[in-house]
Each structure stands twice: as structure tokens, then as C-alpha cells.
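A.B. asks: Everything below, folded, please.
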Amino acid sequence: MSLRDFHMRHLRLVSAYWTRYAVRGGAGLVYLLLALFFGLMVAHLTLSPLEQKIRELSKTHGADEKQIVNELVETARPIVQWILDSKPQEDPAKPAPESYPTAGGGPMGPFTTSTPDAWTRYLLNERPALLSGIFLILLFGMPFIISVLGFNQTAGDIQSRGLRYLMLRTDRSNIYFGRFLGSVIFSTLVTAFLVATITLYVGLKFRIYSTGALTVWALIGFGAISILMLPYLAVCTAISASVSSPFLALAAAKLVIVGVPVAALVGKHSWEPIKNIKYLLPWGIQNYLLHPEWTHYLGAAAGCLGYTLVFLLLGYAWFQRRDL
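C.D. replies: Have a look, this model is predicted:
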């Protein structure tokens, strides 16, 4: 591959067309509906029980909304610790959970990221806890959905030989990378709409977080999910360029993206070393996109970009040599 193969004008045209095609095409609409359904359902299942609890306790005990949310956050703390693989703080000198600061609710209390439970406290006490819980679930679930958008970037045209006519006007590299960029743009727009909708609902329904705290955390969460989508889209791009059937491309993408964490989970309970298979994809580092220390956050982001580059180049190496 040479820089002479790239034409920025062609790359922009291909990516812009592919973004519009994703909106009109079946795969793009299915991804849009699945992403919105999954994200809004996660928010509904997370927030609806809380709304019901607030209504019940407010009538019977007169407790305020902030107090009820903080109590339920403490109930969810072990679950978040398990997701993050973070051990609870055992230091008897640590402050009680009730004294932890809450986002947008007064001055920050003592906080150091060197304590074992600092990551959990950061998500549940330093940041809006309701958004943190939703973001953790989205980080886990969105990779399973992204293959619906990325599986047919080139596989269908390879099967129908349609790329031969397109290659009369541009190079393979512009088609390959342009369609990847178009998928990235569409995925990012969907993520932005989803995060904005959830954040707006939380801000209007639960008036316990400041606008600034919600906005900042929403932007960080949006960035985390958007960056995480890149390597999984790159996997779909490479698979789509390697097979000649959209159905096989979708099946292979699902098998890879789902199979890696399942194999790591099974191996963790049977043969310990196999759990490291999760690092074949960003499963082992993606939660660090919500880490309190910027070094960990930037490291995870750089790791995702590294995965993206490797998968894209591997797929392009095959796409460049294959008969279209």
C-alpha cells in the first residue's frame, strides 16, 4: 500500500456516500433501531425501578430524592466492583459510604486513585452514578450490535461483482477505507443521539446532578463508546473484505465478537491461561475508558486505536490481493 493510492477527494466521496447509504440501507436502519432499542431499554430497566422506589418512599417516609438515589447506589456498589474486578476497600480508617461525595452535590471529599476501591467510588460518587451504570452496560453490550452495521461493507459487492465497476473510477484503498470511515461516522452519530437522549432524561427526571456534571460525564461516556466501536468495526471491515457472502460475513463477525469473551469466561473457570484470549479484542481494556486516571483512559483509547489499525491493515492486505 502506498500513499499514492489514496485520493482524499475520493475517500471523502466514498465515506459520505456510505454514510448516507447506511441510513437508507437495511443494515443501517436495523443497527439504528437495535442500538436505540438496546440503549433506551438499558436506561428504562435501570431508571424505572428507581423512579418507582422514589415515588413510594416519598409518600410514606418523606425521604428526599437524593437520599434515595444514594442509598440505592450503595446497594449497586458490589455489582460495579464485580464488573470492574475492583476489590472493596478494607481500610477501617476509610470514610463511611454515607460520607462519600456525590457529583454535583457539594465539595469533593478526600479521594485518591491509589486505594483499591477508588475506581468504583469514582464512578458512583465522583460522577453521576446513574449515567455510570448505564455507560458500563453500554460498553459491554454495544460491541455485540455493531456487527449489524459493519458486516456488509464490501462482501455484498464482492459477491455481485459490483466493485469491478466502481474500481474503474477509484482505487481499492479508497473503497476499503472510505466505507470504513462512513460506517464510523454513522455509528458515532447514533451513539451521540443515544447518549444525549439518556442524559437529557436523567437530567430532567432526577434533579440531583448539576448540569455541568451531567454534561461532562456524558461527553466522556460518548467518547468512550465511540472509541470502543472503532476496533469492532475494523474487525467487521476485515471480515467483510475477506469473504464473498454477506451472510457468512455477519456470521463470522458475530462468532468472533461473541466467541472471544465467551471463551475467556469459560476458560477462567476451567483453564486459567485461556482467559487471556479476551485480549485478542478490546474486551480486556475497554472498561478503562471510564477510569479516573487519565493515563489509564488514554492507554485504553490508544489500545483501541492500535487494535483498529491492526485489524484494518490485515483486512486490507487480503482485500488488495484478492480477485474481485
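A.B. asks: Which residue is the nearest non-sequential neighbour of Thr170?
C.D. replies: Spatially, and ignoring its direct neighbours in sequence, Thr170 is nearest to His10 (4.5 Å; Cβ to Cβ, 6 or more residues apart in numbering). Placement of C-beta: from N, CA and C, glycine included.
A.B. asks: Give me the contact list for the helix or strand the one you found falls within.
C.D. replies: Assigned by DSSP states H and E, His10 belongs to helix 8-24. Contact with helix 8-24 is made by 28-29, 31-32, 149, 153, 170-171, 174-175, 177-179, 181-183, 185-186, as judged by Cβ atoms under 8 Å, 6 or more residues apart in numbering.
A.B. asks: mind listing what's buried in stretch 297-315?
C.D. replies: Residues of stretch 297-315 classed as buried: 297, 300-301, 303-304, 307-308, 311-312, 315 (neighbour count, 16 or more other Cβ atoms under 10 Å).
A.B. asks: What is the burial count for the closest residue to Gly133 other than its chain neighbours?
C.D. replies: Here the nearest residue to Gly133 in space, its sequence neighbours aside, is Thr46; by Cβ to Cβ, 6+ apart that works out to 5.8 Å. Residues near Thr46, counting by other Cβ atoms under 10 Å, number 17.
A.B. asks: Please identify the helix or strand for Thr46.
C.D. replies: helix 26-60.
A.B. asks: Could you pull up the residues touching Gly315?
C.D. replies: 176, 234, 237-242.
A.B. asks: Recalculate using a threshold of 7 Å.
C.D. replies: 237-238, 241-242 (Cβ atoms under 7 Å, 6 or more residues apart in numbering).
A.B. asks: Show the contacting residues for the closest residue in space to it that isn't next to it in sequence.
C.D. replies: Leaving aside its chain neighbours, Gly315 sits nearest to Ala238 (2.6 Å; criterion: Cβ to Cβ, 6+ apart). Ala238 is in contact with 311-312, 314-315, counting by Cβ under 7 Å, 6+ apart.
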